[in-house]
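In: sequence and predicted structure are below.
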Amino acid sequence: MNIGMLWFDNDQKVDLTAKVVRAASYYQSKYGQAPTLCFVHPSMVNTAPPKASGIEIRTTRSVLPNHFWLGINAQARS
């Protein structure tokens, strides 16, 4: 993924999956298509990264905690 949307959500009352779904809903309304990939900081995932409404969640240290980088997985499209 080369291009994406950065989303911040530090709501402590909501789990990771709900945060990704919330961000994906905004992404879809803004760009007209649903994201397929979301990068989060490893500290936000306790076990293996879950899937949220068909969105693959991956970890990377280049994304700050409480931030979500959403976009379209270019490898899956080709």
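Out: Structure received. Numbering: from 1, shown residues only.

In: neighbouring contacts of the helix or strand hosting residue 6?
Out: Element membership for residue 6 (DSSP states H and E) is strand 4-8. The contact list for strand 4-8 (CB atoms under 8 Å, 6 or more residues apart in numbering) reads 23, 26-27, 30-31, 35, 37, 39, 66-72. C-beta: built from backbone N, CA, C; applies to glycine.

In: show me those residues that map onto strands.
Out: Among those, DSSP state E puts 37, 39, 67-71 in strands.

In: residue 73 and residue 34 touch, don't they?
Out: No - applying CB atoms under 8 Å as the test, residue 73 and residue 34 come out as separate, 11.4 Å apart.

In: let's see the pLDDT reported for the residue nearest to residue 16 when sequence neighbours are not counted.
Out: Ranked by CB to CB, 6 or more residues apart in numbering and with sequence neighbours excluded, the top spatial neighbour of residue 16 is residue 44, at 5.8 Å. Note on residue 44: pLDDT of 93.

In: burial count for residue 44?
Out: 17 (other CB atoms under 10 Å).

In: residues in contact with it?
Out: 16, 59, 65-66.

In: farthest pair within the residues you listed?
Out: 59 and 66 (13.6 Å; CB to CB).

In: contacts only, for the most centrally placed residue in the chain.
Out: Residue closest to the mean C-alpha point of the chain, counted by CA atoms, centre = their mean, is residue 38 at 2.8 Å. Residue 38 is in contact with 20, 23-24, 52, 55-58, 68-70, counting by CB under 8 Å, 6+ apart.

In: as CSV, these with distance to residue 7 would be great.
Out: Shown next, in CSV, are these (distance: CB to CB, whole Å):
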residue, distance to residue 7
20, 9
23, 4
24, 9
52, 13
55, 12
56, 16
57, 13
58, 15
68, 4
69, 8
70, 6
